[in-house]
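[1] I would like to see how this sequence folds:
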Amino acid sequence: MDKKKRLILEELVNLIPELGLNIETLSLASENAGLASHYWEILFPNGLKEVSSNLEKFFDNLMMNQLKSIKDPVRTHQKIITALQYRIKLVPQEVASKLCFFYAMPNNYSTAITNSWATCNKIWHYANDKSMDFNYYTKRALLMTAYLPSIAYYITDSSNDYHKTDYFITKVIEKILNAAKLKQKIKSIKLDDIPIVRFFL
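    I've put the predicted structure just below:
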C-alpha cells in the first residue's frame, strides 16, 4: 500500500471514533499525516467509498500480518474461526460502529457487500482455498453470513478482551456444521457429501 495512503488511513482510525467517516474527517486526517488538507482527493479520487475499501484492505493486511505470527490451525474451519476473530477485533470498536453507520446508508449498500466479500475472500485464501468453480462463490457468501453478524455482536461486546465475540464467532461457524450434521441424520448420508460442510473440513 502507498505510504501516504497508509498514513492517512492510520490517522483516520484515530479520528473516526469521534468524527465518523466523512469529508471533514478525511481533510483532518490528511493534515495530521503531514499533507495538504485536500491531498486525500489525489489518493482517493472516488471519494468516501474508495476510502472505505482501502480502510478495509488496511485491516485485512493487519490481519494477515497477525496470522503470520501464529501457528496455523490444522482444520479448515479452525483457520476460518481464527482469522475471523483476528479480523473483527483488529478494528477498534468505535471505528467498527461508525463504519457500520456509513455502510447502512442506502447508497453505500453495494460498497458494504463488496468490501465484506473482499475480506471473506482474504480469509478463504488464508485457509488455502483454491476453488475456481461455483464453490468459490458459495464459500464466500456462506462466510459473509458469519462475518456480518459477528461485527454487529462485536460493537456491543463489553467483555474482557472481547472473549464473548470470540465465542460468538466460534458458535456461528459451528452452527453451519451442526446444521449439516442434522441433515446427515435425516438423510443418512456421509458428512463429506454435503458441499457446504465439506468447505470447512
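[2] only C-alpha atoms from now on, for both contacts and neighbour counts.
    Noted.
[3] domain ranges for the chain?
    According to automatic domain parsing, the chain is divided into the following domains: 1-45, 47-198.
[4] so for the longest one, what's the average pLDDT?
    Mean pLDDT, computed over domain 47-198, is 89.
[5] contact partners for the most centrally placed residue in the chain?
    Centroid check for the chain by CA atoms, centre = their mean gives residue 119 as the closest residue, at 4.7 Å. Contact analysis of residue 119 by CA atoms under 8 Å, 6 or more residues apart in numbering lists 56-57, 60.
[6] measure it to residue 14 for me?
    Per CA to CA, to the nearest Å, residue 119 is found 22 Å from residue 14.
[7] so residue 60 makes contact with residue 125?
    No. Using CA atoms under 8 Å, residue 60 is not in contact with residue 125, being 11.8 Å away.
[8] which one of those two is surrounded by more residues?
    Between residue 60 and residue 125, counting by other CA atoms under 10 Å, residue 60 is the more crowded of the two (23 against 13).
[9] what helix or strand is the more buried one on?
    Secondary structure from DSSP states H and E places residue 60 in helix 48-68.
[10] show me what that helix is packed up against.
    Helix 48-68 makes packing contacts with helix 3-19, helix 76-90, helix 109-126 when contacts are defined by 3 or more CA pairs under 8 Å, 6 or more residues apart in numbering; DSSP states H and E.
[11] and if we set it to 7 Å?
    Contact here means 3 or more CA pairs under 7 Å, 6 or more residues apart in numbering; DSSP states H and E; on that basis helix 48-68 packs against helix 76-90, helix 109-126.
[12] give me the buried positions along it.
    In terms of neighbour count (16 or more other CA atoms under 10 Å), helix 48-68 has its buried residues at 48-49, 51-61, 63-64, 67.
[13] before we move on, what about stretch 126-135?
    Buried residues in stretch 126-135 (16+ other CA under 10 Å): 126-127, 129.
[14] check stretch 162-180 too.
    Neighbour-count burial for stretch 162-180 [16+ other CA under 10 Å]: 162, 165-166, 168-170, 172-174, 176-177, 180.
[15] biggest separation within the residues you listed, which pair?
    Greatest spatial distance among the buried residues of stretch 162-180 (CA to CA): 162 and 180, at 28.3 Å.
[16] residues touching the residue nearest to residue 96 when sequence neighbours are not counted, list them.
    Among residues not flanking residue 96 along the chain, residue 155 sits closest, at 6.6 Å (CA to CA, 6 or more residues apart in numbering). Residues near residue 155 by CA atoms under 7 Å, 6 or more residues apart in numbering: 93, 96-97.
[17] returning to that earlier point: angle of the helix holding residue 60 against helix 3-19?
    Put simply, helix 48-68 runs at 100 degrees to helix 3-19, going by axes from the mean of the first three to the mean of the last three CA atoms, to 10 degrees.
[18] closest to residue 3 among the buried residues of stretch 126-135?
    Closest to residue 3, out of all of those and judged by CA to CA, is residue 126, at 24.6 Å.
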